[in-house]
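Chemist: Turn this into a model:
(one chain, ligands or ions: 2)
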Amino acid sequence: MLIAQISDLHIQERPGPDGVMAVDHLELAIDDLNRFEPRPDLVVVTGDLTNNGLPAEYAMLHAALGKLEIPYLLIAGNHDSREPLREAFPEHAYLRSGGEFIQYVDDNWPVRIVALDSTVPGRHHGELCPARLQWLADRLAEKPDQTTVVIMHHPPFDTGILPMDALGILAGREEFARIIAQHSNIERVLCGHMHRSIVCRVGNTLASTCPGTAHQVELDLREHGRLTSNAEPPGYHVHWVRPGATVTHHAVVSYLASPLSPPGRPKAKSAPLGGSKPKVQRAGPSLPA
Ligand SMILES: [Fe+2]
Ligand SMILES: [Fe+2]
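Modeler: Ligands and ions are numbered 1, 2, ... in the order given. This next block holds a predicted model:
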């Protein structure tokens, strides 16, 4: 099964920290996915769908995703609001199936999708409370031999990008890892939040974070590094899910990466070869991912 992943769309009505309208980037990513061959079976959208959780932002998101020609599943991130999200996507009944949380199982594919809600309303960190962890354990116990992918917004590991790790720490991640480690059928734990492509072993599987379709977070591993966005082009992941042999590809939104991009459209800036570091745009103190 081919699963595409996009994340951290941060749709808002004004330009983001990079000066680009997030919905423009999303639509370019959607163009890529619609042209991708072979066509992915499913797109998972791993949270921070909007920047402020506003109904108008979800309306923009709904219109943009209406151009995606592939079925898609949504989860919430720390920038989302559950009820406006549900109201904007009434045809996505699974958004209401998890009670208080937006979490669900989708058994309509060769790979079972288990979506977990890691968000805390009004806060940027994540949490897997006892109720959510028990729900996860129960779902995984249902089909221990079925190839499964878990999706959630906050990564269950430290990345070394310290300001992001501090902002996005996931309470309950040790217990999460213990539950995951009990199952050999989980091919991936697919996350967002980091606005970068990052991979870490968690339990007996790999957990990863996906680039944003909006801004990217600077790779700054210094002890006193700053949280900044940069001019890296947006991207997405394509997961070729096979039992015991899943492969993940990091793809760049091709239109933005091309030097042939026509003027007047958002365009990525390239770093000088062998030269100094590319100039980064300081993102200001309020850029939690
Ligand atoms: Fe986030
Ligand atoms: Fe984000």
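
Chemist: what about residue 40, is that helix, strand or coil?
Modeler: Of the three states, residue 40 takes coil under DSSP: H, G, I helix; E, B strand; the rest coil.

Chemist: i'd like the first residue to be 37 from this point on
Modeler: Fine by me, first position is 37 from now on; the one you just mentioned is residue 76.

Chemist: distance of the spatially closest residue to it that is not a sequence neighbour from residue 80?
Modeler: Nearest residue to residue 76 in three dimensions, chain neighbours excluded: residue 40, at 4.0 Å (Cβ to Cβ, 6 or more residues apart in numbering). Any C-beta I mention is one placed from the backbone N, CA and C, and that applies to glycine too. To residue 80, residue 40 is 8 Å away according to Cβ to Cβ, to the nearest Å.

Chemist: now residue 191, nearest residue through space, not along the chain?
Modeler: Leaving out its chain neighbours, the residue that sits closest to residue 191 by Cβ to Cβ, 6+ apart is residue 227, at 4.2 Å.

Chemist: quick revisit: residues shared between the contacts of residue 40 and residue 80?
Modeler: With contacts taken as Cβ atoms under 8 Å, 6 or more residues apart in numbering, not a single residue reaches both residue 40 and residue 80.

Chemist: buried stuff in stretch 87-106?
Modeler: Within stretch 87-106, the residues scored as buried using 16 or more other Cβ atoms under 10 Å are 87, 89, 93-98, 100-101, 104, 106.

Chemist: per-residue confidence averaged over that stretch?
Modeler: For stretch 87-106, the mean pLDDT works out to 98.

Chemist: hmm, that stretch in reach of ligand 1?
Modeler: No - for a cut-off given as Cβ under 5 Å from the ion, stretch 87-106 has no contacts with ligand 1; the smallest distance is 10.2 Å.

Chemist: Looking at the stretch 187-325 of the chain, which residue is nearest ligand 1?
Modeler: residue 229 (3.7 Å; Cβ to the ion).

Chemist: Who are the contact partners of that residue?
Modeler: Residues in contact with residue 229 (Cβ under 8 Å, 6+ apart) are 43-44, 83-84, 113-114, 162, 189-191, 200, 204, 245, 325.

Chemist: Just to be sure, which of the residues you listed are found in strands?
Modeler: In strands, judged by DSSP state E, the following of the contacts of residue 229 are found: 162, 245.

Chemist: out of the contacts of residue 229, which touch ligand 2?
Modeler: 44, 84, 325.

Chemist: how about stretch 162-174: buried residues?
Modeler: 162-164, 168-169, 171-173.

Chemist: ugh, typo on my part, it should be stretch 116-130
Modeler: The neighbour-count check on stretch 116-130 (16+ other Cβ under 10 Å) flags 116-118, 120-122, 124-125, 128, 130 as buried.

Chemist: Going by distance to residue 261, which of those residues wins?
Modeler: Residue 261 lies nearest to residue 116 out of the buried residues of stretch 116-130, by Cβ to Cβ, at 26.5 Å.

Chemist: could you measure the closest one against residue 68, distance?
Modeler: 23 Å.

Chemist: do residue 114 as well
Modeler: Note on residue 114: its distance to residue 68, by Cβ to Cβ, is 26 Å.

Chemist: neighbour count winner among those two?
Modeler: residue 114 (24 against 21; other Cβ atoms under 10 Å).

Chemist: Nearest spatial neighbour of that one, chain-adjacent residues omitted?
Modeler: Spatial nearest neighbour of residue 114, excluding adjacent residues (Cβ to Cβ, 6+ apart): residue 160 at 4.6 Å.

Chemist: next one: residue 117
Modeler: Using Cβ to Cβ, 6+ apart, the closest residue to residue 117 is residue 89 (3.2 Å).

Chemist: Just the closest residue of the stretch 187-325 of the chain to ligand 2, please.
Modeler: For the stretch 187-325 of the chain, Cβ to the ion, closest residue to ligand 2: residue 325, 3.7 Å.

Chemist: Tell me the pLDDT of that residue.
Modeler: Confidence score, pLDDT, at residue 325: 72.

Chemist: can you check residue 83 too?
Modeler: Residue 83 carries a pLDDT score of 98 in this model.

Chemist: ok, now which ones touch it?
Modeler: By Cβ under 8 Å, 6+ apart, residue 83 lies in contact with 43-44, 111-116, 155, 188-189, 228-229.

Chemist: what's the spacing between the residue nearest to it when sequence neighbours are not counted and ligand 1?
Modeler: With Cβ to Cβ, 6+ apart as the criterion, residue 83 has its nearest non-adjacent residue at 2.8 Å, and that residue is residue 113. Using Cβ to the ion, to the nearest Å, we find residue 113 at a distance of 4 Å from ligand 1.
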